[in-house]
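Colleague: what's the 3D shape of this:
(chains A and B)
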Amino acid sequence: MSPAPPGGGEPLSEALADRRRKALALRELGIPPWGVDFHPTHTCGQANDQAPEEIGAHGDEVAVAGRLLRIRRSGGIAFADCFDESGRIQLLVSREVYAAMSLLRELDIGDIVGAKGRLMRSRSDQPSVQVQELILLAKSLRPPAGKHRGVVDPELRYRRRYLDLLSDPQRRLIFKQRSAIVSALRSVLEERGYMEVETPILQPIPGGGDARPFRSHHNALDSDFFLRIAIELYLKRLLVSGFERVFEIGRTFRNEGLSPRHNPEFTLLEAYQAYGDLDSMMDLCQAMVQGACSAAASLGAEPPGELMQQFAVTPMVQLVYQTTGFDALELWQAPGEMGVRARELGVQLPVDPGPGRILFEVYDQLVEPTIRQPTFVVGHPAEVSPLARRGDDPRFAKRFELVVNGRELANAFSELNDPLEQRERLLEQARRRQSGDEEAQPFDLDFVEALEHGMPPAGGIGLGVDRLVMMVTGAASIRDVLLFPTLRPQPEGDGGSRTL
RNA sequence: GCCGCCAUGGCGCAGUGGUAGCGCAGGGGCCUUUUAAGCCCAGGGUCGCAGGUUCGAAUCCUGCUGGCGGCACCA
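Modeller: Modelled structure (predicted):
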């Protein structure tokens, strides 16, 4: 075991010490281990594709750069596989090119190099660059993890994601697909005349959804702020302001448990359309999901085929009746009886629930998880939809959720623009909050006052981008579609929140 | 927050009370057409941390830390 470097940190393992020794030795020889300019003429993938077909034949002069994946030395000749984002090319170095050969002796897997030479095809039919000049661009002081199998230790994968991504092109592909999906969502919205906006993430009152927020504090203002749990109330203020089609794609935060489907910070898309309604939101929703599927498919993903078909539209009351035999409309007049029947089905209920809440809990706990095919579930109880307009039957809201594979993917409604009713319904939420429901929405007077100036009737939608990406790419865990998922910070030691 | 499983060299793993091992990576050597190249040699470990039981602990017990999965909460 080598001594610990000055300033702390873990002791250097043999491999680490050796790489450091090589870097310093090269510097002694006047070869900088880092920080040389190099301008590739071809990507590794291009070089590989453009190599001559015939064994032994030579092609164009090229300059390529990339990271060393493998080195095979065989006496007077050596082969090194070098890769970049585009692919891989073999470098062929022979003893006659003395400088390159002696530099290669000091190189390790993981080092980033540039190579100049002619394209050719080796005797065993491998596209190669016959190296004339080899240049070290960045010495790697640490051995790469997971050279053969990729990084499999989940802790390493998430804590040091760059190693995971570096060692596994498939993993990188998911994030290219994610980027394409988000880009497609943006295109669909922009084509339809929606304007992208940015609204506060630090909010004095975290409204627009049912969730526990993160709390923070601003020193100069000596005021508490919350990280937003939804974007809704600010986007609706913009509808009041005269912008008619707005959307935001942004990070949103909920102070709740972690699971393969929940990360404390996640990406939410919300869009609002003045004079829109439930139909226009269904239309938009379907277009966004299908745009996402096409975008990902063009990068090799295989989205479930059902997502490309017309989604079903089914009332919640009907789904609940079909699945459980629970007849909400029949029981509506007798909430006590309704609660008893729900509990008999094994449904957990809050204290003193109204009929709407009972119906919703039965749906949420017993029915939603069983929905497989993409379905627009419509007719949510108004009681659990405090920001949505009531339907012709005032017990129900003009609202839909898109459910696929038992999971809610999007949530939309015809927005409530009656300031008097909105005030009442938010006050009801506030009362529930006071009696202990931590997730009931707080009362935002400023928002209600905005509505009092007149908000056009509007359709609005929220869509969970991470879950859409999971569904379209087939990822099993939300951590697989987040570059840096939230983990418990490590107090000290490897891969944690080291500040030194 | 609760329950279960896991933690052994840089990476992947074996080792269930008696001398800590294997493969890859790294070091030294041989090899001018290799493909996770091959062959020879020599290294590398406070077995996650802290206690306890025992003549003796990687192994058994307790606590802690971290991860994964499930439950609860939620999207």
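
Colleague: Grab the longest strand from chain A for me.
Modeller: Longest strand of chain A, by residue count under DSSP state E: strand A:58-74.

Colleague: Which other helices and strands does the very next helix or strand once past it contact?
Modeller: Going down the chain from strand A:58-74, the next helix or strand is strand A:77-84, by DSSP states H and E. Judged by 3 or more C-beta pairs under 8 Å, 6 or more residues apart in numbering; DSSP states H and E, strand A:77-84 is in contact with helix A:44-50, strand A:58-74, strand A:87-94, helix A:98-105, strand A:112-121. Where you see a C-beta, it was placed from the backbone N, CA and C, and this is true even at glycine.

Colleague: The helix or strand containing A:Ala412 pairs with which strands?
Modeller: Using DSSP H and E, A:Ala412 falls within strand A:407-414. Sheet pairing of strand A:407-414 (DSSP bridges) gives strand A:399-404 (antiparallel), strand A:458-464 (antiparallel).

Colleague: possible to save these as CSV with mean pLDDT?
Modeller: Listed next are these as CSV, based on pLDDT from 0 to 100:
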stretch, mean pLDDT
strand A:399-404, 94
strand A:458-464, 95
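
Colleague: Could you say which one of the helices and strands packed on strand A:77-84 comes nearest to RNA strand B?
Modeller: Nearest to RNA strand B among the helices and strands packed on strand A:77-84 is strand A:58-74; the distance by C-beta to the nearest atom of the strand comes to 3.6 Å.

Colleague: Now do the closest one against strand A:77-84, angle only.
Modeller: Computed by axes from the mean of the first three to the mean of the last three C-alpha atoms, to 10 degrees, the angle separating strand A:58-74 from strand A:77-84 equals 110 degrees.

Colleague: Run me through the strand neighbours of strand A:58-74, direction for each.
Modeller: strand A:77-84 (antiparallel), strand A:112-121 (antiparallel).

Colleague: could you dump these to a markdown table with mean neighbour count, distance to A:Asp446 and mean pLDDT?
Modeller: Converted to a markdown table, the strands paired with strand A:58-74 look like this (neighbours: other C-beta atoms under 10 Å; distance: least, C-beta to C-beta, whole Å; pLDDT from 0 to 100):
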| stretch | mean neighbour count | distance to A:Asp446 | mean pLDDT |
| --- | --- | --- | --- |
| strand A:77-84 | 20 | 51 | 92 |
| strand A:112-121 | 21 | 53 | 95 |
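
Colleague: Among those, single out whichever gets nearest to A:Ala476.
Modeller: Of all the strands paired with strand A:58-74, it is strand A:77-84 that lies closest to A:Ala476, at 26.9 Å by C-beta to C-beta.

Colleague: Any residue of the closest one touching RNA strand B?
Modeller: Yes. Shown here: strand A:77-84 in contact with RNA strand B (C-beta under 7 Å from any atom of the strand) through A:77, A:79, A:81.

Colleague: quick one, that strand and strand A:87-94 angle?
Modeller: Per the same axes, to 10 degrees, the angle that strand A:77-84 makes with strand A:87-94 is 160 degrees.

Colleague: can you give me the angle strand A:77-84 makes with helix A:98-105?
Modeller: 70 degrees.

Colleague: quick one on the thing from earlier: list of residues touching the strand holding A:Ala412?
Modeller: Strand A:407-414 is contacted from outside by A:261, A:277-278, A:281-282, A:285, A:289, A:368, A:385, A:387-389, A:397-403, A:457-464, A:467-468, A:471, using C-beta atoms under 8 Å, 6 or more residues apart in numbering.

Colleague: How about it and RNA strand B, touching?
Modeller: Yes. Among the residues of strand A:407-414, A:407-409, A:411 lie within reach of RNA strand B under C-beta under 7 Å from any atom of the strand.

Colleague: What about these, which one has the most neighbours?
Modeller: Counting neighbours by other C-beta atoms under 10 Å, A:Asn411 comes out on top of the residues of strand A:407-414 next to RNA strand B with 24 neighbours.
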